[in-house]
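Engineer: Below is the structure, and that's it, no one-letter string:
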C-alpha cells in the first residue's frame, strides 16, 4: 500500500503519495506549478527550467523532484516568477514564433504561458535562426522554426515495437530534433495525432490537420493555462 | 564497410552502452561515420538510426563526411590567439588551398577549429590525426602541408625531437613538453608504485575512508567536495556492482595538469583508483580521458598491463584475497561538458553528454544506474600520498580549509608557462612572480568558468576559502583587448559547448555574445550592461556547472573591469536604441543593387 | 482638459491594425471628444504639425523610410505605443529574416518564375526616390524606445480602446486575458 507524506507548499499543508512527482502532487493539492517540457506520464527531463521552485530554500525543477515527508516548497516568489517570464521570452526570441500563421495558436502551451505572464516583447535579442520545415514524412510535418527542444516527443512517442521516432541531433544552440525514417515509417494516424498533441508548440503537425477549432473556442482562448488546477 | 562495422560491434559484444568505443574504432578505420555506416551500426545494434546519430552529432571529433587524409584541428583558445594562432591559420589555409571548416580539393588536408586541446603552455598547437603538434609557426604550417602533400607519414611529419620525460617514451613519442616548473610532494615527487596499495590491504575499508576524511581531502576538479564523504556514500549505497571513475576529461581552457600527470605518473592515478575501489567495494574502474589525449593510449594501456603483471591491478591485488579491481580506458570524442560528472557517465554509457538531474547523485545511481564515484585525477594522486604518509602529514600542508597541494596550469603572457605544484595558500602574486609575468592586466583564475580578476585582487590566495580553482591560471598582459580577445572568445566557447538541454544555457549564451559584440562595436548601451548582469541570475537556474557559469567571463569582467565596458558604450539620445545601425542595415541592399 | 494629440502610422504592416482601431465602432465618436489627430492616415496629415502626446505605430521596419518615420514619431511623441505582431516582432514580413536579402531580391526581381521575362535588364529597383530595403525586418523596439506594447494580429479593438482610454485619462493600463492575444 502506498504511504502518504505530509509536506507544505507555500505554507499550505499538503498530502501526497511518497515519491510522487512534485508537479503532480501540487496539482492534486490544487496548486499550479507552470511547466513546459514536462508531460504527464513520460519521464521528466527538467530542461525548460520553468517549473523551478524552492525546495527547502534551494532551487529545483519540480518535474524532477519527488515529494518526501516534511519538505517545504515555495512555488512562487518574485524572483521565480521573473525567471519564468525570462525563460518564456528567451524561447520566443530564440526561435521563429509567428503566432498569426501557426496551426497551434490558441492551443500552444508556450503562447499560453506568455499570455499568463503577459509577455509582450522579449528583453532578449531576436535570433531569427535559419531553420528548415521538413515535410517529407507521409503523415507528419516538422517545423523546426517553432521547435523549443523540450524533448517531449523524444521521451514520449514510441512505435508499435517500442522504438523512439524522434531524437536529438547536434548540440548547443544548434540542437535539432530529427525524425527517424525507419521507426516512423508506418505510424498510424492516431500516433501522428498523439505526436502533434504532445508537442507543446506547433513544431510537430499532422498533415492536413490544423485550424479546425474556431478562434474563441481554442484551449487557451478564454482561461489562462493552469486555471483548471488553481483558480 | 560492412565487415569493419560488424567486427567492431562484435568486439564490444553488440553492447549499445559501448557506443562511444564502437564509433571511435569505426571512425579510425573508415575516416568518418557516414549515413550508410550509421544505418549499419543502428541495424547491428538494433536501435533507431536517429539514436546513433544523436550521439555522433554531439561530439565534434565524430565526422559525418571525410575530413581529409590528414585532419588538422587547430586550437582556437584564448592563449593560442595570444601566441599567434591567426597567422598559423592563414598559413595553413594558403598552403592547403582551402578554408578552415573544409577539406582541400585533393582530399589530402582537412582544416578544422577545435577548443583548447590542453597545450596552453606550448601554443599554437594542433592535433593532426590524433598526434599533437606544438609551438606552430606559419613556416612550420607550410612545411607540414608540404609534407602531407609529399606523402610523408605522421611520424615523418613529427620528426624525432620528442618532448621531455615520458613524452619521449617509445609508446608515446610526442612533441609535447611537460614544463614541470615546480614539483610538490603530492603529485610530482619520487614515488614507489604499489607501496600504498600494500599498506591499504592491511586496513579495512572503513579505516581508509576514516583516514581520507581525517585528512579532509577535497575534490580537485574545482567544486571541492570532500572525497572521504563521497566514498562513504558510495560504500553505503546498496548493490554489489559499483564503479570508480577517474575524470581526465580536462576541457577547461587553459588547463593541462592532468595531461602531465598522466604522462609522468599514471601509476599513481591508477593506484588511487584501486584504493578507491577497495574503500568503496568496487571492482571496476574507468579512466575517462578526453579524446585530445588519445596519443597517450598505447602508453596507458601498457602501464595498466604492467600493473596487472605486478598484481597491483586485477585479481587478488597485493596478495589480498577478495580484492579484485581492474581499469579500462574510456575516451571521449570532443565535448567540454563531459567533464561534468553526470555528463561523463552518460557519455561512458554511449550517449550524448547531457548532465543528469540530481538527485539521484552518481554515488547512488551512476554508471549503468549503479553506485559510482567520480574523482579528479589529482584527487586520486593525493589519496595515495595520504595513505602512505598519513592524515597528519597531509594536514600540515595548505590552509585552514584547503589541505595539501594544488597543481596549477599556468599559461598566457608570462616567461615560464607550465605546471606548478604548490601548497594551497599561495597568492596570485606569488604565482605571477614564479611564472615571470610582467605588466599583467588580468588573471583568469579557474578557466573561463572561474573569474577574471584585476591587480587589486592579486593578493588573494588560492584556497577553497578564498579563490577556489580547478587549477588553471591564464595570465593576460596589458597589451590585450580584454573584451575582444578574452571575453568574446570564452563566450563563444560556452555557446559551442552547451549540451543544448536547458533553455537558459542553450539560447542565452549566444544572446549574450550578440550584446558583447554590440558593445565592442560601440553600439552598446548602459542598459545592455545591466541586462548582461541580470542574465547571470537566470543562468544560475541551469542544471549543471557549465550552464551556471557560462556568463562568468562577462559578469566577472563587468565587476572587475567596468571602465573597459563604459568606455565603449554609446552615449547619445536615450530615446534611440544605439544597437541599431542604419548604415549597416542597408549595406546588403546596396551591395545587391550594385551587383545586379 | 486639453485634448490629447494622437499620431498614427503603418510601417511594414498590412493596415489591419488600423482597421482594428476603426473596429471600436461607435466608440470612435467618444474618442473624437477626447483626442485630436495629427499625422495619421485617418486624417491624411502627412507630416507632424504639432508635438503629440501619443504616437501609435503599426508594423515593423523593413526599409529606411520606415526607420525615418519611426524616428520622427519618437521625436514628436511623448508616449510611443506599438500595436500588433509586426511592430513587436516583425510579424509575417520577418519570415524573410532567415534568408539573406540578396536571395530574396534575386527571387523577387531576377530569377523568380513570374519575373523571368518582364525584367530583361535585370534591374533591382534602386531609384533614389524609393526606400532602401534593410537587411532584415526590425521590430520597432530594436530601433527606438517604446513605451507601450499592444499585441495581436490585429490587436482586438477592445484592447486598443481600453489602452487609449487609459493613456488619455492617465488611468492604469490593464491587459485583460481575453483580449491579450498574439493572433
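Structural biologist: Done, it's in. Just so it is clear, the model here is predicted, and its values are computed rather than measured.
Engineer: So in chain B, which helix runs the longest?
Structural biologist: helix B:503-520 (DSSP state H).
Engineer: is any part of that one close to chain C?
Structural biologist: No - for helix B:503-520, no contact with chain C is found by CB under 8 Å from any CB of the partner chain; the gap never falls below 11.0 Å. C-beta here means a position set from N, CA and C on the backbone, and glycine is covered the same way.
Engineer: is chain A contacted by that helix?
Structural biologist: Yes - if you take CB under 8 Å from any CB as the test, helix B:503-520 does meet chain A, through B:503-504, B:506-511, B:514-515.
Engineer: Quick check: which helices or strands does that helix pack against?
Structural biologist: With contacts defined as 3 or more CB pairs under 8 Å, 6 or more residues apart in numbering or on different chains; DSSP states H and E, the secondary structure elements packing on helix B:503-520 are helix A:78-94, helix B:488-497, helix B:526-539, helix B:545-549.
Engineer: Identify all contacting residues around the second one.
Structural biologist: The set of residues that contact helix B:488-497 without belonging to it, under CB atoms under 8 Å, 6 or more residues apart in numbering or on different chains, is A:171-173, B:76-78, B:81, B:115-116, B:251, B:253, B:335-337, B:448, B:509-510, B:512-513, B:516-517, B:520, B:546, B:550-551, B:553-554.
Engineer: angle of it against helix B:503-520?
Structural biologist: 150 degrees (axes from the mean of the first three to the mean of the last three CA atoms, to 10 degrees).
Engineer: Same check on the third one?
Structural biologist: Relative orientation of helix B:526-539 versus helix B:503-520 (the same axes, to 10 degrees): 160 degrees.
Engineer: Using the record's domain definitions, break chain B down for me.
Structural biologist: Here the domain assignment for chain B is B:2-56, B:70-163, B:182-395, B:405-477, B:483-566, based on automatic domain parsing.
Engineer: Output the set of residues of chain C in proximity to chain A.
Structural biologist: Where chain C comes near chain A, counting by CB under 8 Å from any CB, the residues are C:85, C:88-92, C:94-95, C:97-99, C:136, C:139, C:141-142, C:146, C:149, C:151, C:153, C:175, C:177-178, C:180-183.
Engineer: buried subset of the residues you listed?
Structural biologist: With burial judged by 16 or more other CB atoms under 10 Å in any protein chain shown, the buried subset of the residues of chain C next to chain A is C:85, C:88-92, C:94, C:97, C:136, C:139, C:141-142, C:146, C:149, C:151, C:153, C:175, C:180-183.
Engineer: filter the residues you listed down to the ones near chain B?
Structural biologist: Intersecting these with the surroundings of chain B, defined as CB under 8 Å from any CB, gives C:136, C:141-142.
Engineer: mind listing the strands for the stretch 101-250 of chain B?
Structural biologist: Under the criterion DSSP state E, counting those that start in this stretch, the stretch 101-250 of chain B carries strands at the ranges B:102-103, B:109-114, B:126-128, B:131-133, B:180-182, B:243-248.
Engineer: So which elements touch the second one?
Structural biologist: Meaning strand B:109-114. Looks like strand B:109-114 contacts strand B:70-75, helix B:85-96, strand B:102-103, helix B:138-149 (3+ CB pairs under 8 Å, 6+ apart).
Engineer: same check, this time on the first one
Structural biologist: If contacts are counted by 3+ CB pairs under 8 Å, 6+ apart, strand B:102-103 sits against strand B:109-114.
Engineer: which residues touch the strand it packs on?
Structural biologist: Contact with strand B:109-114 is made by B:60-61, B:66-76, B:89, B:92-93, B:96, B:98-104, B:127, B:145, B:148-149, B:292, B:334, as judged by CB under 8 Å, 6+ apart.
Engineer: so where's chain B shaky on pLDDT?
Structural biologist: For chain B, not a single residue meets the criterion pLDDT under 70.
Engineer: what does it put close to chain C?
Structural biologist: Chain B comes close to chain C at residues B:574-577, B:579-580, B:582, B:584-593, B:595-596, as judged by CB under 8 Å from any CB.
Engineer: Would you write a PyMOL line that selects the buried entries of those residues?
Structural biologist: The following PyMOL line selects those of the residues of chain B next to chain C that are buried, judged by 16+ other CB under 10 Å:
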select buried, chain B and resi 576+577+579+580+585+586+588+589+592+593+596
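Engineer: so what's the residue nearest to residue B:69 when sequence neighbours are not counted up against?
Structural biologist: Spatial nearest neighbour of residue B:69, chain neighbours left out: residue B:108 (5.0 Å); criterion: CB to CB, 6 or more residues apart in numbering or on different chains. Applying CB under 8 Å, 6+ apart to residue B:108 gives the contacts B:68-70, B:148-149.
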